[in-house]
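Asks: Got a predicted structure plus its sequence, pasted below:
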Amino acid sequence: MLDARRHEISRLEAFSDAAFAFALTLLVVSLDVPKSYDDLMRLVRGIPSFACCFALLVWIWHEHNMFFRRYGLQDAMTVFINSVLLFVALFYVYPLKFMFDSMFARFVRDQTIVPMSLEQLATASTIYGSGFFVLLTMFALLYAHAYRKRTELGLTPLEVFDVKAFTGHHMVSACAGLLAVLVAVLAPLRCAPLSPMCFGLMGPAHWWFGAMMGKRRRALERRLTAPAGV
């Protein structure tokens, strides 16, 4: 599926790659070389948080790269949705790092990070969950737009199924962010720590969705390859 639509890297993709590179630069633990043992330890304590943020941004970049390799759309709607996606990704770099810094500070006893109260945790989870929801919804909208362009793209029946599956896949992820927001906003304040934990539901949710869509895709393949009249 990817080989059929490989194309030269467009200016839109190059611009997006530059934006992701800038986001990664903002996440760098420190731009200064440690000048003391305390500076070195501060740098080391920031590595777990940086690793998690780095992994998330690489995942987002990978999903972005796969979309453009699959469909290579460059029209105005794609530019608009992609711009919103990049805006959210760049804006939420520091909230993302703050959330992971706060989480790991409990384990490494980093005194430079001020612990959040339950009220502050609920507000921070609302901000982070909202950004995650919008970001993954933009991915879903990109695939939904590709579905609308299926005739122009010359998608086969299996590829049409795939583009709908990819849309659903990203909405499953987006729903984890939405659930985190709902728990932070609507649940009692003592339940605020449960809000970030909602993202752990993505694993089983994607397993269920993947199993369901895989079964449907195999059924579609059998129908498409069955001899006429059978």
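Replies: Right, received. Where do you want to start? Because the structure is a prediction, the values reported are computed rather than measured. Residues are numbered from 1 along each chain as shown.
Asks: Show me the residue sitting in the middle of this protein in space.
Replies: The chain has I60 as the residue nearest its centroid, 4.5 Å off, counting by C-alpha atoms, centre = their mean.
Asks: Could you tell me which residues make contact with that residue?
Replies: Counting by C-beta atoms under 8 Å, 6 or more residues apart in numbering, I60 touches 20, 89, 135. All C-beta atoms are positioned from the backbone trio N, CA, C, and that covers glycine.
Asks: The helix or strand it falls within: how far from the chain's middle?
Replies: Assigned by DSSP states H and E, I60 belongs to helix 47-71. Between the centre of helix 47-71 and the centre of its chain there are 7 Å (C-alpha atoms, centre = their mean, to the nearest Å).
Asks: So, low pLDDT: which residues of the protein?
Replies: The chain contains residues with pLDDT under 70 at 1-8, 29-33, 106-113, 228-230.
Asks: Helices of this structure, residue ranges please.
Replies: Applying DSSP state H to the chain gives helices spanning 11-27, 37-45, 47-71, 76-91, 93-108, 118-148, 150-153, 157-186, 194-197, 202-225.
Asks: Give the buried residues for the second one.
Replies: With burial defined by 16 or more other C-beta atoms under 10 Å, the residues of helix 37-45 counted as buried are R45.
Asks: what's the offset of it from the middle of its chain?
Replies: 30 Å.
Asks: go on, the fifth one?
Replies: Helix 93-108 has its average C-alpha position 18 Å from the chain's average C-alpha position, going by C-alpha atoms, centre = their mean.
Asks: Give the buried residues for that helix.
Replies: Along helix 93-108, these residues count as buried under the neighbour rule (16+ other C-beta under 10 Å): 93, 96-102, 104-105.
Asks: Now tabulate those in a markdown table and tack on distance to C175.
Replies: Formatted as a markdown table, the buried residues of helix 93-108 follow (distance: C-beta to C-beta, whole Å):
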| residue | distance to C175 |
| --- | --- |
| V93 | 23 |
| L96 | 19 |
| K97 | 24 |
| F98 | 23 |
| M99 | 19 |
| F100 | 22 |
| D101 | 26 |
| S102 | 24 |
| F104 | 26 |
| A105 | 29 |
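Asks: Name the member of the residues you listed with the shortest distance to L118.
Replies: S102 (12.8 Å; C-beta to C-beta).
Asks: what separates the closest one from Q120, distance-wise?
Replies: To Q120, S102 is 9 Å away according to C-beta to C-beta, to the nearest Å.
Asks: what's the answer for A174, then?
Replies: 25 Å.
Asks: Neighbour count for these two, which is higher?
Replies: It is A174, of A174 and Q120, that has more neighbours when counted by other C-beta atoms under 10 Å, with 19 against 13.
Asks: That one: what's it in contact with?
Replies: Contacts of A174 (C-beta under 8 Å, 6+ apart): 132-133, 136-137, 140.
Asks: how about 10 Å then?
Replies: The neighbours of A174, taking C-beta atoms under 10 Å, 6 or more residues apart in numbering as the test, are 132-140.
Asks: got the contact list for L155?
Replies: 1, 5, 70-71, 146-147, 149, 161-163.
Asks: Just confirm L182 contacts C191, I think it does.
Replies: No. Assessed by C-beta atoms under 10 Å, L182 is found out of contact with C191, at 11.0 Å.
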